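J.: This is the structure alone, sequence omitted:
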């Protein structure tokens, strides 16, 4: 993915989803002739569908459970690789996109849907009852170590209401991480690449999803979507970053309108080409509101 680096972050996190039990054999991780650099660790204890979660890990009661399921957004700045997760991805997809919300367990994972403790505590629809806050990590290619970016105050609250860190981009000395918010809009987090410090966190209301960033001639662009209930007929937008450091690290302007939600961006022959999701691509956002 990056020159000189064989990276298996996504594979290692996704294969680690579920309940870590002693009985079933571990699922072999595909290596693609690469090197395992980072792997999600248990962050919760599970003691049965609908039951309170025991303290831990380590788990004196129940089984250790891994929630940080999937590397959703990944970008490189210097010798640092920034990546974020979306927890319990398969459960969110089954609930919000496939309409399956019957709780079940397997030897490797569990989907509680509306029976989960967060669903009750946060009044979440069953479709996204397995929501957990995502996490932001940095892998140093020189020291070969992974650290988690812990946030505080309003930024921590914003991260706790983010479904997942889906988009990642770097421009100059700024690293941007973004993802859809439980309460609506897109949550954006800005870090200074050279110091690793958080320099901004903000909710961009009015959008329902963000997927990719693209840098062209030192200018950063992003593709987003609007909710299907929005008045405009065109439900996709391309944003251009207009921020600055120091000053205003989170600032965008709309530079293009699309018929539906933006998905992929690519540069070709001096032009930015954008693909889109089919209508209804904001199903996850609508599931947050309990609608279909």
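T.: Perfect, thanks for sending it. Here the structure is a predicted model, which means the values were calculated and not measured.

J.: what bits of the stretch 1-150 of the chain have low per-residue confidence?
T.: For the stretch 1-150 of the chain, the stretches with pLDDT under 70 are 1-33.

J.: Just the helices from it, written as ranges.
T.: Remark: helices assigned in the stretch 1-150 of the chain by DSSP state H, counting those that start in this stretch are 9-15, 89-96, 117-121.

J.: Packing partners of the second one?
T.: When contacts are defined as 3 or more C-beta pairs under 8 Å, 6 or more residues apart in numbering; DSSP states H and E, helix 89-96 sits against strand 110-111, helix 283-288. All C-beta spots, glycine's among them, are computed from the backbone N, C-alpha and C.

J.: Among those, which one carries the weakest average confidence?
T.: Among the helices and strands packed on helix 89-96, helix 283-288 carries the lowest mean pLDDT, a mean of 58.

J.: which residues of the stretch 1-150 of the chain fall in strands?
T.: If DSSP state E, counting those that start in this stretch is used as the criterion, the strands of the stretch 1-150 of the chain fall at 18-19, 44-46, 63-66, 70-77, 80-86, 104-105, 110-111, 136-140, 145-148.

J.: And those strands: which comes nearest residue 262?
T.: Residue 262 lies closest to strand 70-77 among the strands of the stretch 1-150 of the chain, at 14.9 Å (C-beta to C-beta).

J.: Mind listing the strands that closest one pairs with, and their directions?
T.: Strand pairing for strand 70-77, using DSSP bridges, gives strand 80-86 (antiparallel).

J.: between the partner strand and helix 89-96, what angle do the directions make?
T.: Put simply, strand 80-86 runs at 40 degrees to helix 89-96, going by axes from the mean of the first three to the mean of the last three C-alpha atoms, to 10 degrees.
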